[in-house]
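Novice: this one's structure only:
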């Protein structure tokens, strides 16, 4: 297992297109629900324990080698919002393009052939982690980190929030992020014998609602 | 959450469970004359069942009565309903269900298992579930349906009685159609739920939430479009012939208004 490969995959400069998505932060900023570092932290905490946990478990399961088609169907069932399914597949397609160039291998090629329109991003992330020689815990950490890193970076751009404050938010969430990644990895290990229903399906009604409301806006800074 | 459930079960045998266990069983079957018979209608304990008149001659109606006093902490209530081939069943409840604290400190469980066979339909439209201060309830709703079956399912959750802090409510809704998951979601809110549950990515101060799921094979050709029904209410097509309406509101009444309007649009 390579620690450096984990840094390459988790690096915000890895060209996987994530910078175009705010993880719901744009809608929350516009509605005034995020207006400073404290409300950003509460937003990130809520997202980490819902969408973040669910994504982390899917990524961990894919990194363990569970069937990506089964996991992609499980991701569909866990993503009732059409806007969020569309965003997840677009992000999956972009990540897969970067991953195939970075860590070429048969499993990534097979995934691209099976999902020409893109698989859910956490599933692609898990298969990518495998191709990079990383394990399920690594994949879960990257997914959990992305679930809060995206909104934090977006809020710096949307509100002009001090980047030092945004980094402080992420640092304070680190212990909870570790716990979520560990829980996701345990669930992925259970899913090996019990099937995808052993994976968490934690959801946030407000994130689902505001994703659809956001998709309806005529002008947006972020795609989701 | 399933990890915690496994642990509970492993520790259980030492002492018998303190709470009450009750299962209501319903089976609906096509009667061969265009109607639906109820060959099995068996309530138990606080889950009493009553036959009701239905709006349609083809449909059998069942009302759950007297669920008011339960579940208390430690209780385990189950409703199991099966609609056989071509049967049409409407299920409702007479009053809101109150999740109340128990003496044991154990969580209460409320399970609903619906099975819909070929060409069957079920409308499961219970009254709201109210999470009372100090309570700890886990709700599991599991639906297994044939590809030709139709479902209308409503869930409403209210956090606390008027002006009251809520208890801990964890619920999972899993719908499997033709052996594949159509919808799987978990919600946790109240004291003891993972952080941020009431924050800007959680309920943001709303005290009532509701969902209406409509599974309709006819949607396969032309699924209804996603639409914004209000600032905190949307309808979205699932990755299958189904739509899900999700609504947040300050109170139960407003959630019901939103879901009733959506039911008239999508549920017929």
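Specialist: Received it, and whenever you're ready, just let me know what you need. Since the structure is predicted, the reported quantities are computational estimates derived from the model, not experimental observations.
Novice: what about the chain, any weak spots by pLDDT?
Specialist: Here I'm looking at chain A. For chain A, applying pLDDT under 70 flags the ranges A:1.
Novice: Chain B was what I was after
Specialist: Looking at chain B by pLDDT under 70, you get B:1-17, B:67-69.
Novice: again, only using 50
Specialist: B:1-14 (pLDDT under 50).
Novice: Stretch B:202-214 near chain A anywhere?
Specialist: Yes: Stretch B:202-214 reaches chain A (CB under 8 Å from any CB of the partner chain) through B:202, B:203, B:204, B:206, B:209, B:211. Backbone N, C-alpha and C define where each C-beta goes, glycine included.
Novice: Quick one: those residues as TSV, columns for secondary structure and neighbour count too.
Specialist: Formatted as TSV, these follow (DSSP: H, G, I helix; E, B strand; the rest coil; neighbours: other CB atoms under 10 Å in any protein chain shown):
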residue	secondary structure	neighbour count
B:202	coil	27
B:203	coil	25
B:204	coil	20
B:206	coil	20
B:209	strand	24
B:211	strand	23
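Novice: so where do the helices sit in chain A?
Specialist: Ranges of helices within chain A are A:3-10, A:25-30, A:37-47, A:53-63, A:68-77, A:82-102, A:106-114, A:121-131, A:136-159, A:163-194, A:205-215, based on DSSP state H.
Novice: Over to the stretch 151-268 of chain B?
Specialist: Taking DSSP state H, counting those that start in this stretch, the helices of the stretch 151-268 of chain B run over residues B:252-266.
Novice: Next, count neighbours for the residue of chain A found nearest chain B.
Specialist: Closest to chain B within chain A is residue A:46: 2.8 Å, counting by CB to the nearest CB. The number of residues packed near residue A:46 is 28, by other CB atoms under 10 Å in any protein chain shown.
Novice: Give me the neighbour count for residue 187.
Specialist: As the question left the chain open, I've gone with chain A. Neighbour tally, residue A:187, other CB under 10 Å: 26.
Novice: um, chain B though
Specialist: For residue B:187, using other CB under 10 Å, the count is 24.
Novice: and what of the one 10 residues further on?
Specialist: Burial of residue B:197 is recorded as 24 neighbouring residues (other CB under 10 Å).
Novice: list the contacts for it?
Specialist: Residues in contact with residue B:197 (CB atoms under 8 Å, 6 or more residues apart in numbering or on different chains) are A:46, A:49, B:188, B:189, B:190, B:203.
Novice: would CSV of the residues of stretch B:202-214 next to chain A with distance to residue A:24 be doable?
Specialist: As requested, those are exported to CSV (distance: CB to CB, whole Å):
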residue, distance to residue A:24
B:202, 12
B:203, 14
B:204, 12
B:206, 16
B:209, 17
B:211, 19
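Novice: ok, of those, which one's closest to chain A?
Specialist: Of the residues of stretch B:202-214 next to chain A, the one sitting nearest to chain A (CB to the nearest CB) turns out to be residue B:202, at 4.3 Å.
Novice: need the residues of the stretch 101-250 of chain B near chain A, please.
Specialist: Residues of the stretch 101-250 of chain B lying near chain A (CB under 8 Å from any CB): B:172, B:174-175, B:180-188, B:194-197, B:199-204, B:206, B:209, B:211, B:226-228, B:231-234, B:236-239, B:244, B:246-248.
Novice: Write the PyMOL selection for whichever of those residues are buried.
Specialist: In PyMOL syntax, the buried subset of these is picked out as below (16 or more other CB atoms under 10 Å in any protein chain shown):
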select buried, chain B and resi 172+174+175+181+182+183+184+185+186+187+188+194+195+196+197+199+200+201+202+203+204+206+209+211+226+227+228+232+233+234+236+237+238+239+244+246+247+248
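Novice: Which members of the residues of the stretch 101-250 of chain B next to chain A occur in strands, if any?
Specialist: B:172, B:174-175, B:180-188, B:209, B:211, B:227-228, B:233-234, B:236-237, B:244, B:246-248 (DSSP state E).
Novice: wait, isn't residue B:58 in contact with residue B:31?
Specialist: No: between residue B:58 and residue B:31 there is no contact under CB atoms under 8 Å: 9.7 Å.
Novice: How many neighbouring residues does residue A:223 have?
Specialist: 17.
Novice: same check, this time on residue A:119
Specialist: Per other CB under 10 Å, the neighbour tally for residue A:119 reads 26.
Novice: buried stuff in stretch B:121-139?
Specialist: In stretch B:121-139, counting by 16+ other CB under 10 Å, buried: B:121-132, B:134-139.
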